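S.K.: Next comes the sequence, and after it the predicted model I'd like to discuss.
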Protein chains: 2
Amino acid sequence: MRKPGALRAGRTATPDKVSDVDTTSLSGKELAAAVNADTKERAAALAASGAAPRLALVVANDDPASGWYVKSLERAAGRLGIDSTTTNLSVTASAEEIRAALRALGADTAVDAVMLQTPLPAGVTLDEVSPEIPAAKDVDGVSPLSLGLLATGLPGFPPATAQAVVELAKFHDIPLTGRHVAVVGRSNVVGKPLAQLLLAENATVTVCHSRTTDLPAVTSAADVVVAAVGRAGLITGAHVREGAVVIDVGTNEGPDGSIVGDVDADSVRGRAAALSPVPGGVGPVTTALLMRHVLEAAENARG
Amino acid sequence: MRKPGALRAGRTATPDKVSDVDTTSLSGKELAAAVNADTKERAAALAASGAAPRLALVVANDDPASGWYVKSLERAAGRLGIDSTTTNLSVTASAEEIRAALRALGADTAVDAVMLQTPLPAGVTLDEVSPEIPAAKDVDGVSPLSLGLLATGLPGFPPATAQAVVELAKFHDIPLTGRHVAVVGRSNVVGKPLAQLLLAENATVTVCHSRTTDLPAVTSAADVVVAAVGRAGLITGAHVREGAVVIDVGTNEGPDGSIVGDVDADSVRGRAAALSPVPGGVGPVTTALLMRHVLEAAENARG
């Protein structure tokens, strides 16, 4: 940890660093590009033999960040040769209306993949509507059945963000077997499924959250810290032991409107062995894996 | 840890203890009796208004321990006013034969609850047949859907053994919120679902397993250690910090044919603040909760 006394004495040339660890940036761009190149080629083959993969997006909000994300998914799909249709429901849609929309898309043989955007209308929870997405089309792995298939190791789509963390680590040759990974955040869409994926990689996994006593002590015991809370700058150098790997899943709006992660990069850099940037880390890999899942759903459907 | 040198020098009156902690025994008998009394009363009410709850057991093995367990479940059900039927399939039954049996019981309106015994025939996995048990009848929470419902917090039956650990802790006033719990074992039937239940109780949860590096160091950091591996005596005093709580899920056959846990009780006693006995700890609570689930399935079905 930073030693104020030493700083005041001016005994170091880099007073705002605790050590001289050269922190590697775990970019996700190269991995995303490789995944996308393969997806594009296979999507073209499907299109040539009948029909391109088709993703159906369902939106029931007027949230600007969600709108931006949907546009980015539509563009990503288009670039890869994946068709997409976006169904916009009222921001006051009921759970039953959303369920009906998902049911119709689930039954539509022209649709390979279904993604429901959050946030949902007030009073509607993801868990009460997501069961209407068939597991074979649930490319972001949000339904209870998809999460159960993940927990038991049966075929199914894991949530793309959780999978992106594991794939990013592997791409950068970060070992997981036998390593202690602390996941900060226990959401159904990231923290919990990530714990399952990490266990499948033979990591020892600790899941921390808002009720964790002495978070810095718990995370400092880990070889790898994954921040998936959704709070800007929550994870600082005090949470990370020197030489640990830090993966930042957060995408929060910074004070100036820019996208910032859950990690206070300035205080972690120079201490961690590696840190994934935001943007440009987990994010592009997540989108690439989502599109990969759409392709795989289409390949499975065509048999 | 035990210090051989000190023992040889005869410098202590209690040479086989490291401290004088008075280890409480976390009996499950009183909790099981309380749950059973309530189940019996409610089962009688159902019987009076039409039909007693009915549990269907499916067995496809000739394993003596499984046979003993099935008999104990049949007796427990009978004592509580729950009807049971046991379907014995060949020890060479195929996955499809087992699926067909589960499907028939799932569709039978006279059956409230379905339990498939393990071990299964060689080459058949629980995960490939369990999806045939409808969630509403899956009283031991083994299907992927049941595990996903548990992960998302939706209504469903958790695996009884995992739930028994949490209920035993609560019964003995062991706080879980904010406490660090180490679960040793990552099975689909105990370790993984237990992690979900503990997260729902606001515990910080670490899941350890055969690939964990330095298991004693990881478990010694925890306030509560749950042993769910299935290996006699795996957890010793060296794995437990003084004053921690230890819950033993193991039921292994000891060298003399007796039932022994995963915890080496002699080395943990005097060090842990509390330890659940085997037998008489998690076991009776598990059976009581299974029967409670059968009752609830019947109550829901009569609705």
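M.R.: Nice, I can see it. Numbers count the residues shown, from 1 in each chain, chains lettered A, B, ... in the order given.
S.K.: My guess is A:Asn61 contacts A:Val91. True?
M.R.: Yes: at 5.7 Å, A:Asn61 counts as touching A:Val91 under the criterion of CB atoms under 8 Å. Backbone N, C-alpha and C define where each C-beta goes, glycine included.
S.K.: what sits in contact with each of these two?
M.R.: Here A:Asn61 and A:Val91 have A:Pro121 as joint contacts, going by CB atoms under 8 Å, 6 or more residues apart in numbering or on different chains.
S.K.: Looking at the two, which is more packed in?
M.R.: Ranked by neighbour count (other CB atoms under 10 Å in any protein chain shown), A:Asn61 and A:Val91 place A:Asn61 first, with 20 against 14.
S.K.: So the more buried one versus A:Asn188, what's the distance?
M.R.: Distance, A:Asn61 to A:Asn188, by CB to CB, to the nearest Å: 18 Å.
S.K.: Now A:Ala169: closest residue in space that isn't a chain neighbour?
M.R.: A:Leu176 (6.2 Å; CB to CB, 6 or more residues apart in numbering or on different chains).
S.K.: Spell out which residues of the stretch 101-250 of chain A are next to chain B.
M.R.: Within the stretch 101-250 of chain A, the residues that sit near chain B (CB under 8 Å from any CB of the partner chain) are A:127-128, A:143-154, A:177-180, A:186, A:188, A:192-193, A:195-196, A:199, A:202, A:204-209, A:211-213, A:218, A:221.
S.K.: Give me the buried subset of these.
M.R.: By neighbour count, with 16 or more other CB atoms under 10 Å in any protein chain shown, those hold A:127-128, A:143-152, A:154, A:178-180, A:186, A:188, A:192-193, A:195-196, A:199, A:202, A:204-209, A:211-212, A:218, A:221 as buried.
S.K.: quick one: the strands in the stretch 1-150 of chain A?
M.R.: Along the stretch 1-150 of chain A, counting by DSSP state E, counting those that start in this stretch, strands occupy A:24-25, A:54-59, A:83-88, A:113-116.
S.K.: looking at those strands, which is buried most?
M.R.: Neighbour counts (mean count of other CB atoms under 10 Å in any protein chain shown) averaged over each of the strands of the stretch 1-150 of chain A peak at strand A:113-116, with a mean of 27.
S.K.: what about dumping the CA coordinates of it to CSV?
M.R.: Output in CSV follows, covering the C-alpha atoms of strand A:113-116 (Å, rounded to 0.1, in the frame of the first residue of the first chain):
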residue,chain,number,x,y,z
ALA,A,113,-31.4,-15.9,-31.4
VAL,A,114,-33.3,-13.7,-29.0
MET,A,115,-31.9,-10.9,-26.7
LEU,A,116,-34.0,-8.9,-24.2
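S.K.: how near is the residue in the stretch 101-250 of chain A positioned nearest to chain B to A:Ile133?
M.R.: Proximity of the stretch 101-250 of chain A to chain B (CB to the nearest CB) peaks at A:Gly148, 2.9 Å away. Taking CB to CB as the measure, A:Gly148 falls 14 Å from A:Ile133.
S.K.: Run through the residues that contact the nearest residue to A:Leu57 once chain neighbours are set aside.
M.R.: Spatial nearest neighbour of A:Leu57, excluding adjacent residues (CB to CB, 6+ apart): A:Thr86 at 4.4 Å. Listed by CB under 8 Å, 6+ apart, the contact set of A:Thr86 reads A:Ala56, A:Leu57, A:Val58, A:Val59, A:Val70, A:Glu74.
S.K.: Now the two most distant members of those.
M.R.: Farthest apart among the contacts of A:Thr86 by CB to CB are A:Val58 and A:Glu74. That separation is 13.0 Å.
S.K.: Can you report how many residues neighbour A:Asp264?
M.R.: By the measure other CB under 10 Å, the count of residues near A:Asp264 is 19.
S.K.: In contact with it, which residues?
M.R.: A:Gly233, A:Leu234, A:Ile235, A:Thr236, A:Gly237.
S.K.: one more time with 6 Å, if that's ok
M.R.: A:Gly233, A:Thr236 (CB atoms under 6 Å, 6 or more residues apart in numbering or on different chains).
S.K.: And A:Glu296, how far from A:Gly156?
M.R.: 11 Å.
S.K.: what ranges of chain A fall below the confidence cut-off?
M.R.: Low-confidence segments of chain A, defined by pLDDT under 70: A:1-19.
S.K.: got the residue ranges for the helices in it?
M.R.: A:4-8, A:29-48, A:64-80, A:95-107, A:126-129, A:144-152, A:160-171, A:191-200, A:215-220, A:265-268, A:282-302 (DSSP state H).
S.K.: Could you dump those into TSV with distance to A:Lys137 added?
M.R.: Below are the helices of chain A laid out as TSV (distance: least, CB to CB, whole Å):
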stretch	distance to A:Lys137
helix A:4-8	55
helix A:29-48	15
helix A:64-80	15
helix A:95-107	6
helix A:126-129	14
helix A:144-152	10
helix A:160-171	14
helix A:191-200	18
helix A:215-220	36
helix A:265-268	37
helix A:282-302	6
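S.K.: All set now, cheers.
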